[in-house]
Every structure is written in C-alpha cells, then in structure tokens.
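Enquirer: The amino acid sequence is not available; the structure is as follows:
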C-alpha cells in the first residue's frame, strides 16, 4: 500500500503536542515505570481462578487440530479463531498453565495501553498520557489483561488503528501508518464478532473528512474497507448464536445502556475526582506542553461514534434477542478514559505539573486496587471443603457454569458424585434460557471437553434419588433447580455458605421423601 500523492489530498497540520522540557529520558522513564507496574499487576491478577469462559478457550485451544478447533468454536463458544490460536501457541511455549493460557491477553493489553499512551501524548503530552493509562488500568477494562478471551486483542488492534489513522491523516510521510491501519483493521475484525461496530467510527470520520476537504483519501479508504472480507467468517457461528435464549437479566435492553456508562465511570469515580481536583489546584508551570491544534471535526466524530457503540450494539442485540455484557464495548470504555484525560489536558492548557500530580494520585489507586487488594484476597481454587459433607449422597450443581468449572478443578472423589440436571421446558419456564440445554451441554461435549461428571434429566434423577445435595442459589438468573424443587414440595435444608470459587456457594440438603 502506498501513500496517495500530495496533489490528491489535503496537507494536514501535525497533531503532536510538544514541550521544550519533554525529553527522551522523561518518555522512557515514564514508560519504564508503567511497565514495572503493569508486570506486577498482571502477575498478581494471574492468581485468580480460571473461570467458565476461559475454560472454553483452554479446551478449544487444545483441540487435536486447527480444523477441529474451528469446529468446536462454531458449535460451542461462538468466538472467532484468532484468540484460540494465540492461546494454543502460548501454551506450547509456557505449558498448559494460567500463564500459558493468559499470556496473549497480558501482552495484547500492554501493547494496547502503550499505543493509547502514544495517541494521548500526540494530543496533550507525556504526563497526561501517563494519567490516561493509569485511568485505563483502574477502570473496567483492566481485568481483561488477565482473561483468556479476545477482548484484550480487540482493544489492542483498535488502539493501533486509532493511532495509525491519526498519523495517516496528519502526516505526509504516512506509508507505514497506512500499512499499520490495514493490518490493525484486519486483526480487529478477526478478533471479535462485534468489532465492525468499532470500525464504523473510522468510516464516519473519513466521510466527514472527505466532506471537509473534498479530496477522497483512497489509500486510507482501502486500508479501512479491504479487510472487511474477514466478516465472512462471522456468518456460520452467528446462525447458531441466534438460536440461543439468554436470561432476561442479561438480555440487551434500553435499560442496560445507561448502566454501561455509569459502571464505566463509577469504578474510577473516587480516583478520578481526587486526581482532577488536585490537578485543578496546581498553578500553571512554565514547562507546560505546547498543545497540538484543536480536534478537527472528523476526530470529534470518530471519538463520538465510538461512544455510541453500546447504544448501537444494544439495539442490534435487542433485535436478535441477544445478551449484552459491558466487555462487548471495551473500546468505548477505553475511549472514555483517554478522552477524559485529553479534555483535562486541554482544560489545563498542558500544565505538566498538574498532570503528574493527577498521575501520582492515580498511581496510588492503581497499586491499591490492582495489587494490594488482589493480594489480600484469598485465592480459592476448588471446592475441597465440600468433600467430607455427606459423602454418601450425590452432589448436584444447580448452575451449568459451576458444573463446567468443577469438572476442570475438582478431584475425582467429588466428580464421582457430581451431577447436572437438564430439562429444557423447565429451564425455559423458570429462566427463559436454553444455554445449557441446546448448546450440546453434556454428552455432546464429552468427546471434546473434560466432562467426567454426570449429566442426566431432572425427571430421571429424582426417580432414582430421593435425597441429595445441591450447590446452588435462588438468585442466579440462569438457575432453576431450587425453585423447581420448591414447587415440587421437596424439603430443602440449608447447610451453609462455603468458601468455594464458584458462583454457587450455598449448600442445601434435599429430601424428596419428606415432601411438604
């Protein structure tokens, strides 16, 4: 890909903020400090439990062949192959461990953070770029740095595309930026089903830019449009995804939209307030950054459209009766965080001392939240505490999530008495979901997934067992078993809440012989 001749497009002003006092020493010192903090934070965070979604990544990445891996993802997990391939390669290097499984996400999130650092630096300087990265790490996005799912990959490629687009629309020497935009766009579209929504803002921005300059940028349009052929991979998995019903609590709705924005800001609320308040108290210093020219209209449209992604995605998923989780809009969260910092830098006219004051406060919150609090929490890995309780009775996991996780983490002693009960009509009646009924959960998964416990129908199980244990809860939106037992007049005795790493922590003794 080559840059368009100068005569066919407008010459843009540079967008990079400069300060006489900003040096390479300052840049590399800040990056080194952030890197040390990041490594410490992800090593601590990697202690946490490998949960349901990550276990699908683990099992599919371990498939016997690449074609089988693709088949399993289309049938059971509805994700694109890039994330599985990276975890597969990583586990060949680091082994089948937490590090091997999660290392791609750790690296991807770090690269994405550094790229966003350089993007913010171009607008308001190094000090504000450091503050932006710290807000990102305090915010809702950081858990995906140590989660073996494709969200860190999506964030990384989006960040690269954002920086390359900014360079390509400002610089005359832009061949590398154009190639970077094309490769990042292809990677982003190959990372997740909802990535096209993160491409849309760039197309809107280019349309506005064309309207402003009246000169089409064919090279950049090619970088944005040609990789969309990757969308052809989406069609088969989406057909199976459309057949799923999700619990009402998770379904996309108008009410989930304000919750997304509130949650994204609420998690950083105190830290952000203190950082901004302290920055506003700092008087102007003589070494403030010389800011780049104000945001052009196309830049405003790009960032504004990214902020609209959760709204568009909820509308799309409401139409398809799908579920919405905040992680689907991770690029919006990232733009919110860096946008706050850029606006602060413009408001303070590049005051570097104010930025470093804010960054110092954010650093304290980052160390406290991402390192200290994580270390202080117990790292639960199994349910061995349940093993001695009524060994003579079957143990039923009320949730499919708990059942799948226990199959990976528990000892043969517990698995030999572990059950999951299925009944599609009952599941749809009580929870409006068929996630564990029509997803092949059970015998259909056993040839490919390490499921050694038993999956049986509800009616068959209660005919054979009149007394058993249930690990479950009444509050989980996808669980129906305890409610059904209540309606069937079973006697339920609560045995206690146990320190186990699963969503279900309450243990009940069920006696069908003593019906109410």
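Expert: Structure's in. What do you need? Owing to the predicted nature of the structure, the values given are computational and were not obtained by experimental measurement.

Enquirer: contacts, neighbours, all on C-alpha from now
Expert: Fine.

Enquirer: Name the secondary structure element that contains residue 510.
Expert: Per DSSP states H and E, residue 510 falls inside strand 506-511.

Enquirer: Show me what that strand pairs with in its sheet, parallel or antiparallel.
Expert: strand 467-472 (antiparallel), strand 491-497 (antiparallel) (DSSP bridges).

Enquirer: tell me the most buried of those?
Expert: strand 467-472 (a mean of 22; mean count of other C-alpha atoms under 10 Å).

Enquirer: how far does that strand sit from the chain's center?
Expert: Put simply, strand 467-472 sits 33 Å off its chain's centre (C-alpha atoms, centre = their mean, to the nearest Å).

Enquirer: For residue 54, which non-adjacent residue is closest in space?
Expert: residue 148 (5.2 Å; C-alpha to C-alpha, 6 or more residues apart in numbering).

Enquirer: A helix includes the one you found, no?
Expert: No - applying DSSP: H, G, I helix; E, B strand; the rest coil, one finds residue 148 to be coil, outside a helix.

Enquirer: can you tell me how far it sits from residue 113?
Expert: Relative to residue 113, residue 148 is positioned 17 Å away (C-alpha to C-alpha, to the nearest Å).

Enquirer: Give me the mean pLDDT for the strand holding residue 510.
Expert: Strand 506-511 shows a mean pLDDT of 95.

Enquirer: repeat for stretch 33-41
Expert: The pLDDT scores in stretch 33-41 average 97.

Enquirer: Identify the residues contacting that stretch?
Expert: 110, 130, 367, 370, 371 (C-alpha atoms under 8 Å, 6 or more residues apart in numbering).

Enquirer: Most neighbours of all these, which one?
Expert: residue 130 (31 neighbours; other C-alpha atoms under 10 Å).

Enquirer: so that one touches residue 30, yeah?
Expert: Yes - in this structure residue 130 lies within contact range of residue 30 using C-alpha atoms under 8 Å: 7.0 Å.

Enquirer: quick one: the residue nearest to residue 54 and residue 52 touch, right?
Expert: No - applying C-alpha under 8 Å, one finds residue 148 not in contact with residue 52, separated by 10.6 Å.

Enquirer: out of these two, which sits in the more crowded spot?
Expert: When residue 148 is set against residue 52 and neighbours are counted by other C-alpha under 10 Å, the residue ahead is residue 148, at 30 against 18.

Enquirer: I'd like the strands paired with strand 506-511 as JSON lines, with mean pLDDT and distance to residue 164 appended.
Expert: Below are the strands paired with strand 506-511 laid out as JSON lines (pLDDT from 0 to 100; distance: least, C-alpha to C-alpha, whole Å):
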{"stretch": "strand 467-472", "mean pLDDT": "96", "distance to residue 164": "49"}
{"stretch": "strand 491-497", "mean pLDDT": "94", "distance to residue 164": "52"}
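
Enquirer: can you redo those as a markdown table with distance to residue 168?
Expert: Formatted as a markdown table, these follow (distance: least, C-alpha to C-alpha, whole Å):
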| stretch | distance to residue 168 |
| --- | --- |
| strand 467-472 | 54 |
| strand 491-497 | 57 |
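
Enquirer: who wins for proximity to residue 261 among these?
Expert: Nearest to residue 261, of all the strands paired with strand 506-511, is strand 467-472, at 31.2 Å by C-alpha to C-alpha.

Enquirer: Not counting that closest one itself, show me its contacts.
Expert: 393-399, 479, 482, 504-513.

Enquirer: Just the buried residues of the residues you listed.
Expert: Buried members of the contacts of strand 467-472, counted by 16 or more other C-alpha atoms under 10 Å: 394-399, 479, 482, 504-512.

Enquirer: what helices or strands is the longest helix along the chain leaning on?
Expert: Longest helix of the chain, by residue count under DSSP state H: helix 98-124. For helix 98-124, the packing partners by 3 or more C-alpha pairs under 8 Å, 6 or more residues apart in numbering; DSSP states H and E come out as helix 81-94, helix 126-138, helix 151-168, helix 330-347.

Enquirer: Determine how far the helix or strand that comes right after the last one lies from the middle of the whole chain.
Expert: Next along the chain after helix 330-347, taking DSSP H and E as the criterion, comes helix 352-367. In terms of C-alpha atoms, centre = their mean, the centre of helix 352-367 is set 25 Å apart from its chain centre.

Enquirer: Give the residue spans of the protein that score low on pLDDT.
Expert: Scanning the chain with the threshold set as pLDDT under 70 gives 1-22, 234-243, 285-294, 438-440, 442-443, 515-516.

Enquirer: Domain-wise, how is it divided?
Expert: Using automatic domain parsing, the domain parsing of the chain gives 6-376, 384-511.

Enquirer: Quickly compare the ones you listed and say which is most buried.
Expert: Mean neighbour counts for these (mean count of other C-alpha under 10 Å) peak at domain 6-376, with a mean of 19.

Enquirer: and residue 298, which of the helices and strands packed on helix 98-124 is closest to it?
Expert: Of all the helices and strands packed on helix 98-124, helix 151-168 comes closest under C-alpha to C-alpha, at 10.3 Å.

Enquirer: Contacts for the closest one, please.
Expert: Contact partners of helix 151-168, identified using C-alpha under 8 Å, 6+ apart, comprise 15, 83, 105-106, 108-109, 111-113, 115-116, 118-119, 144-145, 174-175, 177-178, 180-182, 184-185, 187-188, 191-192, 195, 198, 220, 327-328, 330-331, 334.

Enquirer: and what of stretch 135-144?
Expert: Contacts to stretch 135-144, defined as C-alpha under 8 Å, 6+ apart, come from residues 45, 105, 109, 113, 151-152, 263-265, 267-268, 272, 327, 330, 333-334, 337-338, 362, 365-366, 369-370.

Enquirer: With stretch 374-387 instead?
Expert: Residues outside stretch 374-387 that contact it (C-alpha under 8 Å, 6+ apart) are 44-45, 47-49, 406, 409-411, 413-414, 498-501.

Enquirer: How far off centre is that stretch?
Expert: Remark: stretch 374-387 is offset 24 Å from the chain centroid, using C-alpha atoms, centre = their mean.

Enquirer: Give me the distance between the two termini of that stretch.
Expert: 27 Å.

Enquirer: Next: stretch 486-495.
Expert: For stretch 486-495, the end-to-end distance is 16 Å (C-alpha to C-alpha).

Enquirer: distance of the nearest residue to residue 94 once chain neighbours are set aside from residue 64?
Expert: Beyond its immediate neighbours in the sequence, the residue positioned closest to residue 94 (C-alpha to C-alpha, 6+ apart) is residue 100, lying 4.7 Å away. Taking C-alpha to C-alpha as the measure, residue 100 falls 18 Å from residue 64.

Enquirer: for residue 180, same thing?
Expert: Relative to residue 64, residue 180 is positioned 33 Å away (C-alpha to C-alpha).

Enquirer: sorry, back to before: my guess is the residue nearest to residue 94 contacts residue 84. True?
Expert: No - taking contacts as C-alpha under 8 Å, residue 100 lies outside contact range of residue 84: 11.9 Å.

Enquirer: for stretch 45-62, how far is the first residue from the last?
Expert: 23 Å.

Enquirer: Just give me how far that stretch sits from the chain centre.
Expert: Averaged C-alpha coordinates place stretch 45-62 at 13 Å from its chain's average position (C-alpha atoms, centre = their mean).

Enquirer: With respect to residue 248, which of the contacts of stretch 33-41 is nearest?
Expert: residue 370 (31.8 Å).

Enquirer: so what's the closest one closest to, chain neighbours aside?
Expert: Residue 370 sits nearest to residue 41 (C-alpha to C-alpha, 6+ apart), 5.6 Å away.

Enquirer: Residue 226 too?
Expert: Using C-alpha to C-alpha, 6+ apart and skipping the chain neighbours, the partner closest in space to residue 226 is residue 182 (7.9 Å).
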